[in-house]
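Let's see this in three dimensions:
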Amino acid sequence: MDASSSHGLMKRTGHYGKKRALIEARDEIREKSRVIAQLNETIAELKSNLEKIQNKEEILRKFEEFYV
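Numbering: from 1, shown residues only. Alright, predicted model coming up:
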């Protein structure tokens, strides 16, 4: 293998290495985006549950004020 073919091989390998790194980065971003979406869904559910609990507590407090 002469110097010019060796250089060409290194360039191709470097290109594919960079391409592979970009694909891996893309996959990692997609996975993190999926996890973020799940966390946002969980947060929304927790907020909803908290609001329900707060509403029940408010109803109980008003009931106690009125009847006790």
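
Tell me the pLDDT of residue 42.
Here the pLDDT value assigned to residue 42 is 98.

For residue 51, see how far away it is.
Taken as Cβ to Cβ, to the nearest Å, the spacing of residue 42 relative to residue 51 amounts to 15 Å. Where C-beta positions appear, they are placed from N, C-alpha and C, glycine not excepted.

In the chain, which residue is most central in space?
residue 36 (2.3 Å; Cα atoms, centre = their mean).

ok, it - contacts?
By Cβ atoms under 8 Å, 6 or more residues apart in numbering, no residues touch residue 36.

That one: which element?
Here residue 36 is covered by helix 3-67, with elements defined by DSSP states H and E.

I'd like the distance from that helix to the chain centre, please.
A distance of 1 Å separates the C-alpha centroid of helix 3-67 from that of its chain, computed with Cα atoms, centre = their mean, to the nearest Å.

Poorly predicted segments of this protein, please.
For the chain, applying pLDDT under 70 flags the ranges 1-13.

The same query, at a cut-off of 50, please.
Counting by pLDDT under 50, the chain has low-confidence residues at 1.

how close does residue 67 get to residue 54?
For residue 67, the distance to residue 54 - Cβ to Cβ - is 20 Å.

Who has more neighbours out of those two?
When neighbours are counted by other Cβ atoms under 10 Å, residue 67 and residue 54 differ, and residue 54 comes out ahead with 10 against 6.

Roughly how far does the more buried one sit from residue 46?
Spatial separation of residue 54 from residue 46 under the definition Cβ to Cβ is 12 Å.

same question, residue 68
In this structure, residue 68 lies at 31 Å from residue 46, with Cβ to Cβ as the measure.

Could you check which of the two is surrounded by more residues?
For residue 68 versus residue 46, neighbours defined as other Cβ under 10 Å are more numerous around residue 46 (10 against 5).

hmm, back to that, any common contacting residues for residue 54 and residue 46?
Shared contacts of residue 54 and residue 46 (Cβ under 8 Å, 6+ apart): none.

What distance do you get for the residue nearest to the centre of the chain to residue 29?
Distance from residue 36 to residue 29, counting by Cβ to Cβ: 10 Å.
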